[in-house]
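Student: sequence and computational prediction follow.
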Amino acid sequence: MTAPQSPTAAARLRTLLAEPGILICPGVFDGYSLRLVEQMGYKTANITGAGLSESNLGWADVGIMGYAENVRASAALAAISTIPLSADGDTGYGNALNVYFTVQGFERAGIACLLIEDQVWPKRCGHMEGKQVISAEEHVEKIQAAAEARKDPNFVIKARTDATAIYGLDEAIRRLNLYAEAGADMLFADALRTAEDIATVARNVSKPLSVNMGFGIRQRSTTPLLSARQLEDMGVKAVSYPRMLTAAAIQGMKNALDIFGQSIREERVIERPDLLVPFDDLNDLMGLTQLEELQNTFTPIRREA
């Protein structure tokens, strides 16, 4: 008898989306952030494209990172993840044909959901000025290609529009419903300006709505910061926090470097354990115990008599 197969990451994400309540999706960008999110008990996470570009390449999210770099980094995270991950596919890196192969690449990488946005390439972070969007009709073709490309029917296609800042809320809603008809499973209107805008979109779209909350970019963010409960009451199905952990990591490193610089200037050691994770905790987080157990299955420790 053939043993039953475990559900795919996409199937597990579909199950989470079918459950009542809002789905909380922290933004992860490296092994540290993913391990922490898992350790804290979150059921899923979104790989932030901006976080990948900034941490891996050292450049802002304005289309410097391409498909190969994105899918390679996403695959590495999916390989160690115990929770389903969503990835940021930017614009799909070309036309509908390119989107077709982009979706298949991320699906092979073990990703459960892929976002495809309707910006002109090179894209810009959603809360930056100067964005441009392609026609709704062209993006419909991209979403149709994305839906057709997936091998696993559970693989989730998330369609994003950046039209609000350019053409207004009504056009954003129109586009999202067109994308839903084309095969998108989730919808995302970026950079909505007010709580009422979020509620209006949630009421008027035909598929589950996802929103971003901009912790870490409040000075530039056009979207008000709302609690998950508030968003759930508005009809939002999923909320992502793409900038929270990247901003926290940078601030933590700045704090540590400031103290280190002070110790150099004063020619003394300044001990600040509150700023640093203990070495044993770091090893526990990164799976050292499991690695040692695995190693011992192949090369048992030989103790001297």
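Tutor: Sure thing, it's come through.
Student: now for the closest residue to residue 66 other than its chain neighbours, how many residues are close by?
Tutor: Closest residue in space to residue 66, ignoring its immediate chain neighbours: residue 93 at 6.7 Å, by C-beta to C-beta, 6 or more residues apart in numbering. For the C-beta atoms, the positions are set from N, CA and C on the backbone; glycine is no exception. Number of residues near residue 93 (other C-beta atoms under 10 Å) recorded here: 19.
Student: next one: residue 209
Tutor: 23.
Student: so it bridges to which residues?
Tutor: On the basis of DSSP bridges, residue 209 is bridged to residue 187.
Student: surely it meets residue 202?
Tutor: Yes: counting by C-beta atoms under 8 Å, residue 209 does reach residue 202; the two are 4.8 Å apart.
Student: what touches both of these two?
Tutor: Overlap of the contact sets of residue 209 and residue 202 (by C-beta atoms under 8 Å, 6 or more residues apart in numbering) consists of 235-236.
Student: on that earlier part again, gap between the residue nearest to residue 66 and residue 10?
Tutor: Distance check for residue 93 against residue 10: by C-beta to C-beta, to the nearest Å, it reads 21 Å.
Student: cool, residue 283 as well?
Tutor: Distance of residue 283 to residue 10, given as C-beta to C-beta: 32 Å.
Student: which ones are touching residue 131?
Tutor: Contact analysis of residue 131 by C-beta under 8 Å, 6+ apart lists 119, 123-124, 162, 165-166.
Student: likewise residue 113?
Tutor: Going by C-beta under 8 Å, 6+ apart, residue 113 touches 10, 13, 84-87, 155-158, 185-186.
Student: pLDDT at it, what is it?
Tutor: pLDDT recorded at residue 113 is 98.
Student: off-centre distance for stretch 222-231?
Tutor: Between the centre of stretch 222-231 and the centre of its host chain there is 18 Å, according to C-alpha atoms, centre = their mean, to the nearest Å.
Student: stretch 259-271 now?
Tutor: With C-alpha atoms, centre = their mean, you get 37 Å for stretch 259-271.
Student: got the CA positions of stretch 286-296 in CSV?
Tutor: Provided in CSV are the C-alpha atoms of stretch 286-296 (Å, rounded to 0.1, in the frame of the first residue of the first chain):
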residue,chain,number,x,y,z
MET,A,286,19.6,27.8,13.9
GLY,A,287,19.2,24.1,14.5
LEU,A,288,22.6,23.1,15.8
THR,A,289,21.1,20.3,18.0
GLN,A,290,19.4,18.7,15.0
LEU,A,291,22.5,19.0,12.9
GLU,A,292,24.6,17.3,15.6
GLU,A,293,22.0,14.5,15.9
LEU,A,294,22.0,14.0,12.2
GLN,A,295,25.8,14.0,12.1
ASN,A,296,25.9,11.3,14.9
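Student: what about residue 94, which SS state?
Tutor: Put simply, residue 94 is coil when judged by DSSP: H, G, I helix; E, B strand; the rest coil.
Student: what does the domain assignment say about this structure?
Tutor: The chain resolves into domains spanning 9-248, 250-298 when parsed by automatic domain parsing.
Student: start to end distance for the last one?
Tutor: The separation between the terminal residues of domain 250-298, taken as C-alpha to C-alpha, to the nearest Å, is 39 Å.
Student: for residue 239, which three-state class applies?
Tutor: For residue 239, the assignment made with three-state DSSP gives strand.
Student: bridging residues for it?
Tutor: Beta bridges link residue 239 to residue 24, residue 211, judged by DSSP bridges.
Student: that one touches residue 228, doesn't it?
Tutor: Yes: counting by C-beta under 8 Å, residue 239 touches residue 228, with 5.7 Å between them.
Student: which residues do the two both contact?
Tutor: Common contacts of residue 239 and residue 228 (C-beta under 8 Å, 6+ apart): 22, 24.
Student: of these two, who's got more company?
Tutor: residue 239 (22 against 16).
Student: so for that one, what's the pLDDT?
Tutor: Residue 239 is assigned 98 on the pLDDT scale.
Student: what about the helices in the chain?
Tutor: Secondary structure of the chain (DSSP state H): helices at 9-18, 31-39, 49-52, 67-80, 96-108, 136-149, 164-167, 169-182, 195-204, 228-234, 244-266, 279-285, 288-298.
Student: which of these sits closest to residue 61?
Tutor: Closest approach to residue 61 among these (C-beta to C-beta): helix 49-52, 3.7 Å.
Student: now for the closest one, which elements pack on it?
Tutor: Contacts defined by 3 or more C-beta pairs under 8 Å, 6 or more residues apart in numbering; DSSP states H and E place helix 49-52 against helix 67-80, strand 85-88, helix 244-266.
Student: what about it, distance to the chain center?
Tutor: 8 Å.
Student: C-alpha coordinates for that helix, PDB please?
Tutor: Provided in PDB are the C-alpha atoms of helix 49-52 (Å, rounded to 0.1, in the frame of the first residue of the first chain):
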ATOM      1  CA  GLY A  49      10.900  41.200  -2.100                       C
ATOM      2  CA  ALA A  50      12.200  44.500  -0.800                       C
ATOM      3  CA  GLY A  51      13.900  42.700   2.100                       C
ATOM      4  CA  LEU A  52      15.600  40.300  -0.300                       C
END
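Student: perfect, that will be all.
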